[in-house]
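[1] coords below, sequence missing:
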């Protein structure tokens with residue numbers, strides 16, 4: 001497989017226009033309710049898009065949307081079809097990490113198009129960036145801010161910014177400074193899971209991190225430590241911290257999430273901006289991955305250029 005260096009230019013994709021075709025796929029888990037497909041289609045049709053549903057988007061195989069070979073076939077078919085101009089995932093969940101060796105990276109490079117999704121979809125974003133330098137969108141279409149931000153990123157070439165929300169728990173984590181670089185990351189568990197299994201070179205990157213609590217603080221500590229010990233974070237430009245849904249009132253023997261993030265990230269000596277509204281939880285904003293951005297802790301802004 002072809003692994004690209006950080007001086008390789010990002011392959012651009014065209015902004016969506018009314019009349020363009022988008023396809024709904026389920027590379028990880030299946031939607032909890034079949035009406036999710038109808039709701040997504042209604043939103044996209046409201047933008048003037050023509051909506052197609054992948055053959056296996058509603059299949060079920062355990063907790064996944066069908067067998068691996070069917071889910072990856074849906075993805076590859078969407079990338080190979082020149083009529084499809086964006087690929088929208090129906091949800092995250094689990095199973096996207098099982099598809100990486102089967103992706104048709106040649107087709108992705110030949111006709112770049114955005115993949116929209118987050119959570120477990122982070123595995124796909126990381127692999128596609130690593131092999132193809134095609135940017136994606138970490139986000140979904142559930143909630144007004146979520147929908148508006150995805151729509152902006154898919155259709156509007158104007159710069160896009162997130163501002164620090166001081167109410168968010170991660171806003172308390174900061175190392176002053178400015179940084180400029182391509183943004184890569186997403187779900188922390190996926191980033192740690194890619195160490196030794198195809199994680200892209202993060203040199204010069206603004207690393208975006210968010211997580212959802214399933215167990216205690218230990219898994220955040222272990223995942224950050226895995227990334228640190230692997231050397232993946234040695235030459236990053238900075239860190240953008242999003243939501244850490246479920247940790248807001250959680251403590252473990254006197255420590256909370258802020259303590260863990262400060263303990264692991266501040267000693268790396270890079271600018272850190274927290275309190276950004278991306279990740280899990282109600283109505284998050286979307287962020288583009290693989291896009292150059294400027295991070296400024298003084299203004300509390302992450303600006304995508």
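    Thanks, I have the structure now. Since this is a predicted model, take the numbers as computed values, not measurements. Numbers count the residues shown, from 1 in each chain.

[2] Can you show me the strands along the stretch 1-150 of the chain?
    Per DSSP state E, counting those that start in this stretch, the stretch 1-150 of the chain carries strands over the ranges 21-25, 50-53, 84-89, 115-117, 136-138.

[3] Mind listing what's buried along the third one?
    Pointing back at strand 84-89 there. Using 16 or more other C-beta atoms under 10 Å as the test for burial, strand 84-89 gives 84, 85, 86, 87, 88, 89. No exception for glycine: its C-beta is placed from N, CA and C like everyone else's.

[4] do stretch 166-174 as well
    Going by neighbour count (16+ other C-beta under 10 Å), the buried part of stretch 166-174 is 168, 169, 170, 171, 172, 173, 174.

[5] And the average pLDDT for it is what?
    The average pLDDT for stretch 166-174 rounds to 98.

[6] First-to-last residue distance for that stretch?
    This stretch, stretch 166-174, spans 11 Å end to end (C-alpha to C-alpha, to the nearest Å).

[7] What of stretch 26-44?
    In terms of C-alpha to C-alpha, the two terminal residues of stretch 26-44 are separated by 16 Å.

[8] Can you tell me what sits against that stretch?
    Outside stretch 26-44, the residues within contact range by C-beta atoms under 8 Å, 6 or more residues apart in numbering are 22, 24, 51, 53-54, 56-60, 63-66, 71-72, 74-75, 88-96, 99, 117, 119-121, 124, 141, 147.

[9] So residue 204 lies in a strand, does it not?
    No: the assignment for residue 204, made by DSSP: H, G, I helix; E, B strand; the rest coil, is coil rather than a strand.

[10] quick one: which helix or strand includes the closest residue to it other than its chain neighbours?
    Nearest in space to residue 204, with sequence neighbours left out and distances taken as C-beta to C-beta, 6 or more residues apart in numbering, is residue 181 at 4.7 Å. Assigned by DSSP states H and E, residue 181 belongs to strand 178-187.

[11] for that strand, packing partners?
    Contacts defined by 3 or more C-beta pairs under 8 Å, 6 or more residues apart in numbering; DSSP states H and E place strand 178-187 against helix 122-132, strand 206-212, strand 238-245, strand 287-289, strand 292-296.
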